[in-house]
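1. Fold the following and give me the result.
(chains A and B)
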Protein chains: 2
Amino acid sequence: MEPVSERYILYYWPTIQGRGEFVRLALEEAGVPYEDVARGREGMGPIERVLDRELELHAPFAPPVLRAGELLIGQTTNILQFLGARHGLAPRSLTARLWCNQLQLTIADIVAEAHDVHHPISVNSYYEDQKKEASARAKDFRSQRIPKFLGYFERVLDNNAGSGGYAASTKLTYVDLSLFQLVAGLRYAFPNTMARLQPQWPRLIALHDMVAARPRIAAYLKSKRRIPFNEDGIFRHYIELDEQV
Amino acid sequence: MEPVSERYILYYWPTIQGRGEFVRLALEEAGVPYEDVARGREGMGPIERVLDRELELHAPFAPPVLRAGELLIGQTTNILQFLGARHGLAPRSLTARLWCNQLQLTIADIVAEAHDVHHPISVNSYYEDQKKEASARAKDFRSQRIPKFLGYFERVLDNNAGSGGYAASTKLTYVDLSLFQLVAGLRYAFPNTMARLQPQWPRLIALHDMVAARPRIAAYLKSKRRIPFNEDGIFRHYIELDEQV
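-> Alright, predicted model coming up:
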C-alpha cells in the first residue's frame, strides 16, 4: 500500500445513496478520511466544477468521482479497484484482482437494471410519466433478473465456501461490501419479493449480515453520514412495483 | 509484457458482434492468435461449459469470456484491461490506466443503453413484443443520450488534441478501438440520426476512420472473422427506431 497523504474528496449527489454508496462503504471500511464534498457548505458547486472539461483534463462523464491527490477517478468500479488495491480491500494476485473486478462489474449490471426498473423509457422524465412501462419492467426484474443475478452470487459464495463466507477471497474485499449494499437496496425497493425469495440465498444473506456487523460499517450505518434510502436514488420503494401479497 | 505461451480462447455468441466484438478488435489489433471457439465445430458447447460453476471455479455470469492459460476472465471491460496491459494497448502509468478503464466503462454504459433501446422492458421477450416502448426509448436515446455520450467523447478527444488523435494517450489504446466500434454500431443502427449529428463530432469521426485504416483492423474488417451487424446483436437497425427523414 502506498502512503496516503491527502484526504480523499468524493463528488457525489448529496441526497442519495446511489452509486456513490458503493464508494462510501469502501472508504468507511478502510477507515480513511474523506470529504463527501457536495454535502458540505458549497453544495453542488464542486460537482459542477469537476465535470467541467475546461477545468479538469480527465473530466468524468458523471459522478461518483474520487479525487486522490493528483488523481481524479470516475466510474464506480474503477474507483473501487483503485481503493481496493490501496487499502487492503482487494487481493494482490492478478487472478484474484481480475475476479474481484469481474464480480463488481456484474454487481454494476444489476444495479443499472434496478435503476431502469423505475426509468425504463428515459432518465430525462419522471417515474410518474413512465409508470405503465415501469410496471412491466418491474415484473420482469422481480421474476427473472433478481433470481438470475442473486442466484449467481449465491453460487459464487458457494464456490468460495470454507473461506470465511466472503465472495472472492479469504478476507473481506470491496465486492463483499457491494453485495451487502445490493441486498440492502433490493430489500428496501422490493420487500415482498425479497422476503419470499431470499431463503434461496442463505450464503448471500449471511454475508450481508456479516458486513453489517463489522465495527466500522455498523458505526457508519448508524451515523448521519449514511443517507437513508429514498425515492430519488437507485433503489426506490414504489409499492406498485413490488410483488403484491 | 509477459510472454504468452497459450493461444487465447474467446467464448462469445457465434452469430453476433455484440459485446464480444470489443474483445475481438483488441485481439486482432494485438495480432495474437485466438480461437473464437463457438464459431468452431463444437458450437455452443464450450460456452455452456464455461458458464458451469461445477466445472469452473470462476464461472462468469455471461459471455464474453476470455481464457488465457489458467486465467478465465469475464466482463468486457475487465478483459480489455487485461489485454491492454499485456499487449501494449494501454499506457503503463496508474493515472493513464485508470483513465482508460474509466473511458471504457463509459463506453460500456452507452452500449448497454443502445441494447435497451430495442429491449426496454425485458431481455426475455422479443423486440416485437415491446415495440411501442422501444419507440419511446429510441426517441430519448437519439435526442438525448447519443448527443450526451458522443459529445462527451468528442471533448475527451479535444482535451487530448495534439496527441495523434487518440482518446487517452499518445498511442493507440483499446479505448480507441472501442470508440471505433461504437461509432460503427450507432451508424448501422441509426443511420439517419448519425448522418445528421455526426458533423458535431469531427474528432470522433476522424478517430473512427483512423482505426478502420489500421492494417490489422482493415484486414479484419474485410475478413469472414468480422460478423456483419445484424438484428440479433446490440446495434440493430430497425427503421422505425431511427429518425425519420
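
2. three-state assignment of A:Leu10?
-> strand (DSSP: H, G, I helix; E, B strand; the rest coil).

3. can you pull the contacts of it?
-> A:Gly20, A:Val23, A:Arg24, A:Leu27, A:Tyr34, A:Glu35, A:Asp36, A:Val37, A:Pro64, A:Val65, A:Leu66 (C-beta atoms under 8 Å, 6 or more residues apart in numbering or on different chains). No exception for glycine: its C-beta is placed from N, CA and C like everyone else's.

4. Regarding the nearest residue to A:Phe141 once chain neighbours are set aside, which helix or strand does it belong to?
-> Ranked by C-beta to C-beta, 6 or more residues apart in numbering or on different chains and with sequence neighbours excluded, the top spatial neighbour of A:Phe141 is A:Val117, at 4.9 Å. Assigned by DSSP states H and E, A:Val117 falls within helix A:94-118.

5. For the next helix-or-strand element following that helix, give me every contacting residue.
-> Per DSSP H and E, the first helix or strand lying C-terminal to helix A:94-118 is helix A:131-140. Contact partners of helix A:131-140, identified using C-beta under 8 Å, 6+ apart, comprise A:116-121, A:127, A:238, A:240-242, B:120-125, B:133, B:136.

6. now helix A:131-140: how far from the chain's centre is it?
-> Centroid displacement of helix A:131-140 relative to its chain, using C-alpha atoms, centre = their mean, to the nearest Å, is 23 Å.

7. Report the angle between it and helix B:131-140.
-> 110 degrees (axes from the mean of the first three to the mean of the last three C-alpha atoms, to 10 degrees).

8. Of the contacts of helix A:131-140, just the buried ones, PyMOL syntax please.
-> To isolate the buried ones among those in PyMOL, judged by 16 or more other C-beta atoms under 10 Å in any protein chain shown, type:
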select buried, (chain A and resi 116+117+118+119+120+121+238+241+242) or (chain B and resi 120+121+122+133+136)
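
9. circling back: and the angle from the helix holding A:Val117 to helix B:94-118?
-> Using the same axes, to 10 degrees: helix A:94-118 against helix B:94-118 is 40 degrees.

10. re earlier: against A:Val211, how distant is the residue nearest to A:Phe141?
-> 24 Å (C-beta to C-beta, to the nearest Å).

11. circling back to that earlier point, just the buried ones out of the contacts of A:Leu10, please.
-> The neighbour-count criterion (16+ other C-beta under 10 Å) marks A:Gly20, A:Val23, A:Arg24, A:Leu27, A:Tyr34, A:Asp36, A:Val37, A:Pro64, A:Val65, A:Leu66 among the contacts of A:Leu10 as buried.

12. what about A:Pro228, how many neighbours?
-> By the criterion of other C-beta atoms under 10 Å in any protein chain shown, A:Pro228 has 10 neighbours.

13. sorry, back to before: which of the contacts of A:Leu10 fall in strands?
-> Among the contacts of A:Leu10, the members found in strands (DSSP state E) are A:Tyr34, A:Glu35, A:Asp36, A:Val65, A:Leu66.

14. Distance of the third one relative to A:Lys222?
-> When distances are taken as C-beta to C-beta, A:Asp36 and A:Lys222 turn out to be 17 Å apart.

15. which residue ranges form the helices in chain A?
-> For chain A, the helices defined by DSSP state H cover A:20-30, A:45-50, A:76-86, A:94-118, A:131-140, A:146-159, A:174-189, A:191-197, A:202-212, A:215-222.

16. Next, format those as TSV and append mean pLDDT.
-> TSV is the format used below for these (pLDDT from 0 to 100):
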stretch	mean pLDDT
helix A:20-30	98
helix A:45-50	95
helix A:76-86	98
helix A:94-118	98
helix A:131-140	98
helix A:146-159	98
helix A:174-189	98
helix A:191-197	98
helix A:202-212	98
helix A:215-222	98
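
17. Can you say which of those helices is nearest to B:Tyr166?
-> For B:Tyr166, the closest of those is helix A:76-86, at 19.4 Å, according to C-beta to C-beta.

18. what's A:Leu186 in contact with, if anything?
-> Applying C-beta under 8 Å, 6+ apart, the residues near A:Leu186 are A:Ala114, A:Ile146, A:Leu150, A:Thr193, A:Met194, A:Phe235.

19. er, A:Ala112 I mean
-> So A:Ala112 contacts B:Asp109, B:Ala112 (C-beta under 8 Å, 6+ apart).

20. at 7 Å what do you get?
-> By C-beta atoms under 7 Å, 6 or more residues apart in numbering or on different chains, the contact set of A:Ala112 is B:Ala112.

21. State the distance from it to B:Gly74.
-> 17 Å.

22. Same check on A:Arg145?
-> A:Arg145 sits at a distance of 18 Å from B:Gly74 (criterion: C-beta to C-beta).

23. Give the residue from those two that has the larger number of neighbours.
-> Neighbour tally, A:Arg145 and B:Gly74, criterion other C-beta under 10 Å: the higher count belongs to B:Gly74, 26 against 20.

24. So for that one, what's the nearest residue that isn't a sequence neighbour?
-> Nearest to B:Gly74 is B:Pro60, by C-beta to C-beta, 6+ apart, at 3.0 Å.

25. count of residues packed around the one you found?
-> Neighbours of B:Pro60 (other C-beta under 10 Å): 23.

26. just checking, it touches B:Ile73?
-> No: using C-beta atoms under 7 Å, B:Pro60 is not in contact with B:Ile73; the gap is 8.1 Å.

27. shared neighbours of those two, anything?
-> The contact sets of B:Pro60 and B:Ile73 overlap at A:Gln102 (C-beta under 7 Å, 6+ apart).
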